[in-house]
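Trainee: Here is a sequence together with a model predicted from it:
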Amino acid sequence: MTPRPENSGTINNNNNGKEIMKDNNDNNNNNLVDVSNAATTNKGSLHTKSSFFLLNEKNSQSIPQVHLELENLSYTPITSTANANQQRNTACLNCCSKKDQQHRTTVLDNITTEIRPFELTAWMGPSGSGKTSLTSIVAGLVDPNDVQGTLKVNGSVGRLPKQMVGVVWQDDLLLSNLTVEETIYFAARIKTPATTSDAQVKTLVQEIMAELGLVHIQDNLIGSALSNMPGISGGERKRVAVAAELVVRPSLLLLDEPSSGLDSTTAFNLILTLKTLASLGHSIACVIHQPRTDIFKLFDHLLLLSKGRVIYNGQASCARQYLETIPDVVALPPETGIADWIMDTVIADEQRQERLLADHWARNPQKSLEQCCESDSKNNKEERTTTSKDHRMSTLNELHQTPRKYEASFWKQLSLLSQRTMKQRRGERLTRVAALLTFAYVFFTSFFWWRMPDSTAWVYARNSLLFFMLIAQGNSIVVGSISVFQRERALLRRERAKKMYGVLPFFLAKASSDMTNNILLPLCYGIITYWTAGLRPSFVYFLKFVLGYYLTLSCAQSMGFFVSILIPNTQIAMILAPPMTLFFFIIGGFYIPLSDMHAGIKWVSYVSFARYGYSALLVNEFEGRMIPCADEEVAISIGAAGQCPMPGDSVYESVGIDGVFASYWFNIFMAFILQMTFLVGAYGLLRRSK
Ligand SMILES: Nc1ncnc2c1ncn2[C@@H]1O[C@H](COP(=O)(O)OP(=O)(O)OP(=O)(O)O)[C@@H](O)[C@H]1O
């Protein structure tokens, strides 16, 4: 933590007798930072304000404040089988339909709560109580048809624009080859308006990194445990994910277990950071499991859930008094953490299966609260009245006018996404393996097809080499394209839901990066092999070979991209892709001459990129030249055997490449059209996918 300068704040008393840290530079109540709990519970580490917060304070008027009210909210998603949910409260949706196995599961039942600005709210409850579901509902990520009840923003029924909501999930999806700083910078830059300069964004990034203790690892790669790539620790990943959301100061911040995997001091400091942020006017709700007592005391508001029902919803400081008034609840034993005790109490209630706590709350929540927490409730009401007087909240209509659809312009989104894709590619283990594989292919191909003599005896060898070059690289390009996109899909889904960028800039960045990066090594292989194998020795024909070869592989790449969006299941896509590609190659004209192909299958060859690619390369190699006679007996199975010297055109005509298909440029045009079709199809599917 950056130490707070001694003269930067004073300790005052507010009307509750709480210590309030107030910035000397600004008398606005916005800037009050309640540190009483922090000071009393963790004297050794009194939280200090870094310039990140000072910077935020200066702009705090620009943070639209949000008061979110959830009234009688229920969440009943459809589950695909009844068996798995027999224990649940289920209701058959339409038992006469084909989908008569579909049932609705009541995940959340009649939840009434609120998230207020200037407050840090905790959502607690045992595993499976519905905390993550509630986060998804508030973030607007579930099907609205599955949600009943009312959601109000600043008094009006409706939803907050997604740009004003920051969400940190339990499973952070971070790109492994980006550094800590690059990850936070990307989030900051794409989510801040164009009017904020790059220098200002960089300052914000530095400040939030300082605040969350990430400066010393700012140049470290994130890494990935899945691909066994060393990187930052789990706790550091969590802090990076938090920083990427915090850096743009969202009005509403939702965090799903942000402290899991952190040591208790780091967890305390993180929650304290959130508390400080809340004091600037942000509304923050935090799913938390079993925080230690000093962390628990940082929370203003507590929502306690048990199996989808409310057990307590009120000031965190009143929870103990309230629970102890309920018969059957054992009072907090000495030397026991309050959060531990609350969780033990809730779990014991769940095990009894009588739902005493939920029923008790349902009978008369407000009255029970007022009885046991009278003085605190009164003070709280007064505080809220003062807050609402001081800050005129924007209406929901005004809030919807504030953010643009996307903060960054189209070109900025495209540029940032392209840069991120390039960075993710650098040093990827996959790329290194691909480089080794290319080297192996060059060696292997040179061994079998070294400097082929230009004679009729080598016509078949030339044909087979051209086809081998396509099939060897084409298949791995399709498979590689699918595996890479499947990894990116979850991140795309999450970032799209946050309205960070549009589909078109993502698509263009992805397609252009793939069409260069993924094809680069295979193209090198083609270029080297052209000369080592002794293909047509002319620079013009060489350039035409490069164009045809590139376009065919690039078309294969686009087909892989299309398939990976069409089939969202990775395993199925990976199983289906190789035979599909192989099929397109088989009907490409080498194994079965196009002239001999059965009419029932021949039409498919018109949509095979391999057909146009192979035809273009073959025509380029043999068109308009005479192939000299071999000294030995001519032994070719295709072409006009016996004719010597042999006209090159007869080689491709003998496999059925004739008429307009015998034109190099026609085949190039068709490969281009096919690629565009795959790309437009991929884009359409991507837009429709969620
Ligand atoms: N779409 C869904 N269909 C069926 N059941 C669901 C669905 N979403 C959540 N559930 C169930 O609802 C319950 C609550 O899930 P949720 O993930 O919200 O709990 P949680 O309190 O966040 O749990 P944890 O602390 O373990 O993350 C779980 O039993 C879960 O299996």
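Mentor: Right, received. Where do you want to start? Since the model is a prediction, treat every value here as computed from it, not as a measurement. Numbers count the residues shown, from 1 in each chain.

Trainee: can you give me the helices for the stretch 101-250 of the chain?
Mentor: All helices of the stretch 101-250 of the chain, identified by DSSP state H, counting those that start in this stretch, fall at 131-138, 180-191, 198-211, 234-246.

Trainee: closest one to the ligand among those?
Mentor: helix 131-138 (3.2 Å; C-beta to the nearest ligand atom). Every residue, glycine included, has its C-beta placed from N, CA and C.

Trainee: which residues sit against the closest one?
Mentor: Under the criterion C-beta atoms under 8 Å, 6 or more residues apart in numbering, residues 68, 70, 73, 75, 107-108, 111, 115, 123-125, 142, 147, 151, 165, 167, 170, 252, 254, 256, 285, 287, 305, 308 lie in contact with helix 131-138.

Trainee: next one: stretch 597-616
Mentor: Taking C-beta under 8 Å, 6+ apart as the rule, stretch 597-616 contacts 466-467, 470-471, 474, 548-549, 551-553, 555-556, 559, 584-585, 587-590, 594, 652, 656-657, 661-662, 664, 667-668, 670-671, 674-675.

Trainee: For T196, give me phi and psi.
Mentor: phi -80, psi 130 (degrees, to the nearest 10).

Trainee: which SSE is the one residue sitting closest to the centre of the chain in?
Mentor: The centroid of the chain falls nearest to L491 when counting by C-alpha atoms, centre = their mean (1.4 Å). Using DSSP states H and E, L491 maps to helix 459-497.

Trainee: According to the record, where do the domains of the chain fall?
Mentor: Domain assignment for the chain by automatic domain parsing gives 68-91+102-401, 430-688.

Trainee: closest one to the ligand among these?
Mentor: domain 68-91+102-401 (3.2 Å).

Trainee: and the closest one, average pLDDT?
Mentor: For domain 68-91+102-401, mean pLDDT rounds to 82.

Trainee: How far does it sit from its chain's centre?
Mentor: 20 Å (C-alpha atoms, centre = their mean, to the nearest Å).

Trainee: same deal with stretch 669-689?
Mentor: 23 Å.

Trainee: Pull out the buried residues from it.
Mentor: Across stretch 669-689, burial judged by 16 or more other C-beta atoms under 10 Å covers M670, A671, L674, Q675, F678, L679, G681, A682, Y683, L686.

Trainee: Touching, the fifth one and F561? I think so.
Mentor: I take that to be F678. Yes - contact criterion C-beta atoms under 8 Å: F678 and F561 qualify, at 7.1 Å.

Trainee: hang on, the earlier thing: now the domains of the chain as JSON lines including distance to the ligand?
Mentor: JSON lines is the format used below for the domains of the chain (distance: least, C-beta to the nearest ligand atom, whole Å):
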{"stretch": "domain 68-91+102-401", "distance to the ligand": "3"}
{"stretch": "domain 430-688", "distance to the ligand": "15"}
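
Trainee: Can you say which of these is nearest to L414?
Mentor: Judged by C-beta to C-beta, the one of the domains of the chain that comes nearest to L414 is domain 430-688, at 4.2 Å.

Trainee: starting at the chain centroid, how far to that closest one?
Mentor: The answer for domain 430-688 is 32 Å, by C-alpha atoms, centre = their mean.

Trainee: pLDDT on it, on average?
Mentor: Mean predicted lDDT for domain 430-688 stands at 86.

Trainee: one step back: now do the same contact list for the closest residue to the residue nearest to the centre of the chain other than its chain neighbours.
Mentor: Among residues not flanking L491 along the chain, L173 sits closest, at 4.6 Å (C-beta to C-beta, 6 or more residues apart in numbering). Listed by C-beta under 8 Å, 6+ apart, the contact set of L173 reads A490, L491, R494.

Trainee: re earlier: any chance of the domains of the chain in a markdown table with distance to Q424 as columns?
Mentor: A markdown table is the format used below for the domains of the chain (distance: least, C-beta to C-beta, whole Å):
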| stretch | distance to Q424 |
| --- | --- |
| domain 68-91+102-401 | 5 |
| domain 430-688 | 9 |
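
Trainee: Lovely, talk soon.
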